[in-house]
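**Student:** Only the shape, not the letters, is given here:
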């Protein structure tokens, strides 16, 4: 426990809060992860990860519906 | 490649970007490694992107730098416990950013960006947009010593706890805490001066 609450919420200076909130909200371009995947040659692996995640979600949904 | 080691920032055993492997990408990785790498990119690309940007990597260079980060992750993933990916990637990104900044210092495009940013900050209106706020944030961060900036960014912007930061940067918890306190004081002082000079959010 540090007792240091995040400045984005607690600073008395509105500029400090605005700067930190802008930094927290910063986001990569929408195609950034795809470009990385392609650049590193793992786009097909990503597809299988997504497919596995979808299959897992679908299986969970089926299980939930059977339990109802 | 000779790795740059900054003993004030990271521990001596912190990961080093393997540029030699970069040319081959993940071609030599096993299917399992490739899936873990893909999952890490999917989950943590935003964190890596923001870390690289906040540590001074120009937008045009972020993709290359991020590839280095994830290649280093790939090289060392065998010894990395599951669930420790985020702090590990941050540690690599901080180091990659330090290398990238040195290259950028001689790049004319960066000088142009800096001049444009300085011009936009010269009036309060220039601070109104999100982009201008982020540029102003980067200017404020650039005034912090690197070792303080690392702790400040991870705590204030990325929401890491101090123990997590201490672990990822391989520094004692007390060191991380004191660096954060100094960085916060410095940042608040900078913002107060900026505010007094007419800057507004």
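**Tutor:** Cool, the structure landed. A quick note: this is a predicted structure, and the numbers were derived from the prediction, not measured.

**Student:** Tell me where chain B has helices.
**Tutor:** Under the criterion DSSP state H, helices of chain B are mapped to B:19-22, B:31-54, B:62-76, B:85-104, B:108-120, B:130-142, B:146-152, B:162-169, B:173-196.

**Student:** could you give me the average pLDDT of the last one?
**Tutor:** When pLDDT is averaged along helix B:173-196, the result is 95.

**Student:** ok, the residue nearest to residue B:55 when sequence neighbours are not counted - how many residues close by?
**Tutor:** Closest residue to residue B:55 apart from its sequence neighbours, by CB to CB, 6 or more residues apart in numbering or on different chains: residue B:97 at 3.5 Å. (C-beta placed from N, C-alpha, C; glycine too.) Residue B:97 sits with 25 neighbouring residues when counted by other CB atoms under 10 Å in any protein chain shown.

**Student:** close enough to count as contact, residue B:97 and residue B:58?
**Tutor:** No: using CB atoms under 8 Å, residue B:97 is not in contact with residue B:58, being 10.4 Å away.

**Student:** Check which residues of stretch A:28-38 are buried.
**Tutor:** Neighbour-count burial for stretch A:28-38, with 16 or more other CB atoms under 10 Å in any protein chain shown as criterion, is recorded at A:28, A:32, A:33, A:35, A:36, A:37.

**Student:** Mind putting the residues you listed into CSV with pLDDT, secondary structure and distance to chain B?
**Tutor:** Formatted as CSV, the buried residues of stretch A:28-38 follow (pLDDT from 0 to 100; DSSP: H, G, I helix; E, B strand; the rest coil; distance: CB to the nearest CB, whole Å):
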residue, pLDDT, secondary structure, distance to chain B
A:28, 93, coil, 4
A:32, 95, helix, 6
A:33, 93, helix, 4
A:35, 93, helix, 6
A:36, 93, helix, 5
A:37, 92, helix, 6
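
**Student:** Mind telling me which residue of chain A is nearest chain B?
**Tutor:** residue A:18 (3.1 Å; CB to the nearest CB).

**Student:** so which helix or strand takes in that residue?
**Tutor:** Assessed by DSSP states H and E, residue A:18 sits inside helix A:14-25.

**Student:** got the angle for that helix vs helix B:130-142?
**Tutor:** 100 degrees (axes from the mean of the first three to the mean of the last three CA atoms, to 10 degrees).

**Student:** Flag every residue of chain A that's near chain B.
**Tutor:** A:2, A:4, A:6-8, A:11, A:13-20, A:22-28, A:32-33, A:35-37, A:39-46, A:48-50 (CB under 8 Å from any CB of the partner chain).

**Student:** Buried members of these into ChimeraX, please.
**Tutor:** This is how ChimeraX selects the buried members of the residues of chain A next to chain B, with burial counted by 16+ other CB under 10 Å:
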select /A:7,8,11,13,15,16,17,18,19,20,22,23,24,26,28,32,33,35,36,37,39,40,41,42,43,45,46,49
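
**Student:** for stretch B:38-45, what is the average pLDDT?
**Tutor:** 94.

**Student:** what's the answer for stretch B:95-108, then?
**Tutor:** Averaging pLDDT along stretch B:95-108 gives 74.

**Student:** Look up how far chain A lies from the residue nearest the centre of chain B.
**Tutor:** The C-alpha lying nearest the average C-alpha coordinate of chain B belongs to residue B:51 (CA atoms, centre = their mean; 3.2 Å). For residue B:51, the distance to chain A (CB to the nearest CB, to the nearest Å) stands at 11 Å.

**Student:** Next up, the contacts around that residue.
**Tutor:** Shown in contact with residue B:51 (CB atoms under 8 Å, 6 or more residues apart in numbering or on different chains): B:89, B:90, B:93, B:94, B:97, B:153, B:158.

**Student:** One more: residue B:50?
**Tutor:** The contact partners of residue B:50, by CB under 8 Å, 6+ apart, come to A:23, A:26, A:27, A:28, B:157, B:158.

**Student:** Test my guess that the third one contacts residue B:46.
**Tutor:** Yes: here residue A:27 lies in contact with residue B:46, judged by CB under 8 Å, at a distance of 6.1 Å.
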